[in-house]
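Visitor: Sequence first, then the predicted structure:
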Amino acid sequence: MNQLDSSILEKVNLTLNLSSEKYEQSLNKYQDRLRDLEHQVYTKRLPVIIVYAGWDAAGKGGNIKRLVSGLDPGGMK
C-alpha cells in the first residue's frame, strides 16, 4: 500500500491517553477558551458553522455535548 492509498485514520495513534486529572484540566482550559471565542463571535455578529462527519458510534455526540456544555444556549441552533 502506498502513501496515497492509506487512510489518515491508519496513522492515528490510538494508544495515547490522559489521566483523568489532566483530561479535566485540558477540558476546562479549552472550554474557557471556547467561551471567550463565542463571546467574540457574538459581539462581532459572525456566523459560525461546525460540521461533524464520522462513522456511527465514533463519539460525535459526546464530543458535541462537551463542546457546548459551557456555552450560552441562546447563541446556538
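Guide: The structure has been received and is ready for your questions.
Visitor: how much space between the closest residue to Gly75 other than its chain neighbours and Tyr30?
Guide: Leaving out its chain neighbours, the residue that sits closest to Gly75 by CB to CB, 6 or more residues apart in numbering is Tyr42, at 5.8 Å. Backbone N, C-alpha and C define where each C-beta goes, glycine included. Distance of Tyr42 to Tyr30, given as CB to CB, to the nearest Å: 18 Å.
Visitor: what do you get for Ser6?
Guide: Counting by CB to CB, the gap from Ser6 to Tyr30 is 30 Å.
Visitor: Just want to know which of the two has more residues nearby.
Guide: Tyr30 (13 against 10; other CB atoms under 10 Å).
Visitor: Need the phi and psi values for that one.
Guide: Dihedral pair for Tyr30: phi -80, psi -30, per degrees, to the nearest 10.
Visitor: What of the one 5 residues further on?
Guide: Backbone geometry at Arg35, expressed as degrees, to the nearest 10, gives phi -60, psi -40.
Visitor: and it, how many neighbours?
Guide: 13.
Visitor: now do Leu27
Guide: Count around Leu27 with other CB under 10 Å applied: 14.
Visitor: before we move on, what about the one 5 residues further on?
Guide: Applying other CB under 10 Å, we find 11 residues neighbouring Asp32.
Visitor: Same question for the one 4 residues further on.
Guide: Using other CB under 10 Å as the criterion, Asp36 is surrounded by 10 other residues.
Visitor: This structure: helices as residue ranges?
Guide: 20-43, 60-68 (DSSP state H).
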